[in-house]
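>>> predicted model follows, preceded by the sequence.
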Amino acid sequence: MLRTNLSTRPFYNERIVQLALGAAALLILGLTAFNVVELRSLRERHSGLLGHVGDAERRAATLRLDADRARRDVNRAELDRVAAAAREANALIDQRTFSWTELLNQLEATLPDTVRVQSIRPSTDKQGNLTIAMVVFGRRAEDIEQFIEQLEGIGAFRHVVSLSETTNAQGLLEVSLESWYVPLAARED
């Protein structure tokens, strides 16, 4: 069998190459059209966003001027009076929500038989901590120390300190105590 081509010009199948080049050209043309459409769309959105940015900057400048005017118009003395009244109102609300039953139950649970409570005074310090000041009587200093340890042990009383100690006419040790008090509801938060 003979495999030589005797024609003067060999025949090459160029259709497949031409179809592939045509398909590539159509694909490139389609992608170019898509890019042109997207470019126009992005330019329109960009100009729209620039307009919104300009409007927002003008509005922000106006609001800053209004805020500066409002700050200048505020009477500092009146503002301080209102803040003091708000603190006083909050303190009254805190006193109203104070549970004497819970406090007395906790004291009863920790009070040794040899210690008596003469007075209890709750208050709120400048930082907003609820403090309890109390005067207790005991026969010995060890009894008072046991009471303090038991108070701190239940978790409701923190930083229990003895402010003063004296001995009264009956020979009992009179101790003024102060501590931070954290009610059960505040400990659960």
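Cool, the structure landed.

>>> helix, strand or coil: sort out the residue lying closest to Met134 once chain neighbours are set aside for me.
Once flanking residues are discounted, Met134 sits nearest to Ile120: 4.7 Å by C-beta to C-beta, 6 or more residues apart in numbering. For glycine as for every other residue, the C-beta is placed from the backbone atoms N, C-alpha and C. For Ile120, the secondary structure call by DSSP: H, G, I helix; E, B strand; the rest coil comes out as strand.

>>> show me the contacts for Ile120.
Leu103, Leu107, Ile132, Ala133, Met134 (C-beta atoms under 8 Å, 6 or more residues apart in numbering).

>>> just the pLDDT at it, thanks.
On pLDDT, Ile120 comes in at 93.

>>> the contacts of Ile120 in helices, which ones?
Counted as lying in helices by DSSP state H, out of those, are Leu103, Leu107.

>>> are any of the contacts of Ile120 buried, and which?
Neighbour-count burial (16 or more other C-beta atoms under 10 Å) applied to the contacts of Ile120 gives Leu103, Leu107, Ile132, Met134.

>>> give me the pLDDT for the first one.
Meaning Leu103. Note on Leu103: pLDDT of 86.

>>> buried stuff in stretch 15-35?
Buried residues in stretch 15-35, counting neighbours by 16+ other C-beta under 10 Å, are absent.

>>> ugh, typo on my part, it should be stretch 147-159
Phe147, Ile148, Gln150, Leu151, Ala156, Phe157.

>>> picking up where we left off before, between the buried ones among the contacts of Ile120, which is closest to Asn168?
Nearest to Asn168 among those, counting by C-beta to C-beta, is Met134 at 15.7 Å.

>>> return the distance of that closest one relative to Gln118.
For Met134, the distance to Gln118 (C-beta to C-beta, to the nearest Å) stands at 8 Å.

>>> also Asn129?
23 Å.

>>> could you do Arg43 as well?
Distance from Arg43 to Gln118, by C-beta to C-beta: 84 Å.

>>> neighbour count for these two, which is higher?
Remark: of Arg43 and Gln118, Gln118 carries more neighbours, 13 against 10, as counted by other C-beta atoms under 10 Å.

>>> could I get the buried ones among the contacts of Ile120 as TSV with distance to Glu88?
Shown next, in TSV, are the buried ones among the contacts of Ile120 (distance: C-beta to C-beta, whole Å):
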residue	distance to Glu88
Leu103	22
Leu107	28
Ile132	20
Met134	24
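
>>> nearest to Ala67 among those?
Ile132 (43.6 Å).

>>> quick revisit: any idea how far the residue nearest to Met134 lies from Arg140?
Here the distance between Ile120 and Arg140 works out to 22 Å (C-beta to C-beta).
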